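Engineer: predicted model and sequence follow; I will ask about them next.
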Amino acid sequence: MNKKSDKIEIRHVIKGIKRISSFSTVFARVDELLNDPKSCAYDFGKVISKDQALTARLLKLVNSAFYGFPRKIETVSRAVAIIGFKRLKELILATSVLSMFKDLGDNVSFTMEEFWKHNLACGIVSRVLATYKREKDPETYFVAGLLHDIGRLVLLESYPEKYSEVLIIVREENVLMYEAEMDVFGFTHEAVGKELISFWKLPAFVEDAVGFHHNPKGGQNSSSYVDVVHLANILVNAASIGSSGEKFVPPLNPDAWERIGLKKSILNLVFEKFYEQIEEDTVSLSVDK
């Protein structure tokens, strides 16, 4: 491998993101409302209406053929009541992040469409795995899975030429992408993603899953979210659903598999559930071209 050149600090990478300040504060306010038993659809509507782009996307979603309502839905509060509070949180988070990076060009190894298909699939598989594990809130696993590779987009936007070096190493030297990232940058997309999630003040479970999904060694980062997203990423890569640029399927950590505690026979059922849910999630979270 090449020796990494000019030293880059992760904090400088995060500060250098052009649109970092544009991450929607609506997400944080909606999260507060979700934890308030007195909140209603009208409260959510007032918050969302302040973000014109999100309002337009929400109304477009509920008026799509997927929901099939005979009359047009014109108010945000009615749209919120239809889509549901938890799905609303997912939509806001995903829309904000996807919009932030929508102008990134397609790379020689993968397109943005393939990249988000991979991440969406990881979110869904994480949610399904969490359901079979009987976790309290499987939707939170969806969020962790959806954002697990966000650090890779940060590096692609901030250092496109250097990231091309990563992709050349992956292609020519047959290594995993995070190994090539370490060689070129001195850190991986996991570390960048973890720093970004912390900057955004998103929940700790998202930060853990994003920061350790390739390396769930246990100890402080042994949360169920890390293990589940780790497995989901491997399953999605093995099934070739979308692409994050990996040439090979990342290795499974046996301790993570042991901690998850599911039987191998459950994996076929996981993918059955995945294909049942992919259409709805694709409609909800797809990005306009």
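Structural biologist: Arrived safely.
Engineer: so what are the domain limits for the protein?
Structural biologist: The chain breaks down by automatic domain parsing into domains covering 18-100, 104-289.
Engineer: mean confidence score for the longest one?
Structural biologist: So that's domain 104-289. Domain 104-289 shows a mean pLDDT of 86.
Engineer: stretch 60-76 too?
Structural biologist: Average pLDDT, stretch 60-76: 78.
Engineer: start to end distance for that stretch?
Structural biologist: 11 Å (CA to CA, to the nearest Å).
Engineer: tell me the buried residues in it?
Structural biologist: 61-63, 73, 76 (16 or more other CB atoms under 10 Å). In short, each C-beta sits where N, CA and C put it, glycine included.
Engineer: with stretch 263-273 instead?
Structural biologist: 267, 270, 273.
Engineer: what is the nearest of these to Leu88?
Structural biologist: Closest approach between those and Leu88, by CB to CB: Lys273, at 21.9 Å.
Engineer: from Val226, how far off is Ser244?
Structural biologist: 18 Å (CB to CB, to the nearest Å).
Engineer: what's the answer for Leu88, then?
Structural biologist: Going from Leu88 to Val226 by CB to CB gives 26 Å.
Engineer: and these two? Which one has more around it.
Structural biologist: Using other CB atoms under 10 Å as the criterion, Leu88 and Val226 rank with Val226 on top: 28 against 23.
Engineer: ok, then the element right after the host helix or strand of that one?
Structural biologist: When elements are assigned from DSSP states H and E, Val226 belongs to helix 224-238. Sequence-wise, the next helix or strand downstream of helix 224-238 (DSSP H and E) is helix 254-260.
Engineer: what's in contact with that following helix?
Structural biologist: With contacts defined as CB atoms under 8 Å, 6 or more residues apart in numbering, helix 254-260 is touched by 129, 133, 216-218, 222, 224, 226-228, 230-231.
Engineer: for stretch 189-201, same thing?
Structural biologist: If you take CB under 8 Å, 6+ apart as the criterion, stretch 189-201 is touched by 10-11, 13-14, 17, 20, 23, 28, 147-152, 154-155, 177-178, 181, 206-207, 210-215.
Engineer: buried subset of the residues you listed?
Structural biologist: For the contacts of stretch 189-201, a neighbour count by 16+ other CB under 10 Å gives the buried set as 10, 13-14, 17, 23, 147-152, 154-155, 177-178, 181, 206-207, 210-214.
Engineer: before we move on, back to that, deepest of the domains of the chain, which one?
Structural biologist: Stretch with highest mean neighbour count among these: domain 104-289 (a mean of 19; mean count of other CB atoms under 10 Å).
Engineer: ok now that domain, how far from the chain's centre?
Structural biologist: Its chain's C-alpha centre and that of domain 104-289 lie 7 Å apart, by CA atoms, centre = their mean, to the nearest Å.
Engineer: just stretch 26-34 next, same as before
Structural biologist: Between the centre of stretch 26-34 and the centre of its chain there are 18 Å (CA atoms, centre = their mean).
Engineer: coming back round to it: show me what the helix holding Val226 is packed against.
Structural biologist: helix 112-132, helix 138-146, helix 204-212, helix 254-260, helix 266-285 (3 or more CB pairs under 8 Å, 6 or more residues apart in numbering; DSSP states H and E).
Engineer: put the alpha carbons of it into PDB.
Structural biologist: What follows is helix 224-238, C-alpha atoms only, in PDB (Å, rounded to 0.1, in the frame of the first residue of the first chain):
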ATOM      1  CA  SER A 224     -26.400  -4.200  20.500                       C
ATOM      2  CA  TYR A 225     -26.500  -1.500  17.900                       C
ATOM      3  CA  VAL A 226     -22.900  -2.000  17.000                       C
ATOM      4  CA  ASP A 227     -23.300  -5.800  16.700                       C
ATOM      5  CA  VAL A 228     -26.500  -5.600  14.700                       C
ATOM      6  CA  VAL A 229     -25.300  -3.000  12.200                       C
ATOM      7  CA  HIS A 230     -22.100  -4.900  11.800                       C
ATOM      8  CA  LEU A 231     -24.000  -8.000  10.800                       C
ATOM      9  CA  ALA A 232     -26.500  -6.100   8.600                       C
ATOM     10  CA  ASN A 233     -23.600  -4.500   6.700                       C
ATOM     11  CA  ILE A 234     -22.100  -7.900   6.100                       C
ATOM     12  CA  LEU A 235     -25.400  -9.500   5.000                       C
ATOM     13  CA  VAL A 236     -26.200  -6.600   2.600                       C
ATOM     14  CA  ASN A 237     -22.700  -6.700   1.100                       C
ATOM     15  CA  ALA A 238     -23.000 -10.500   0.700                       C
END
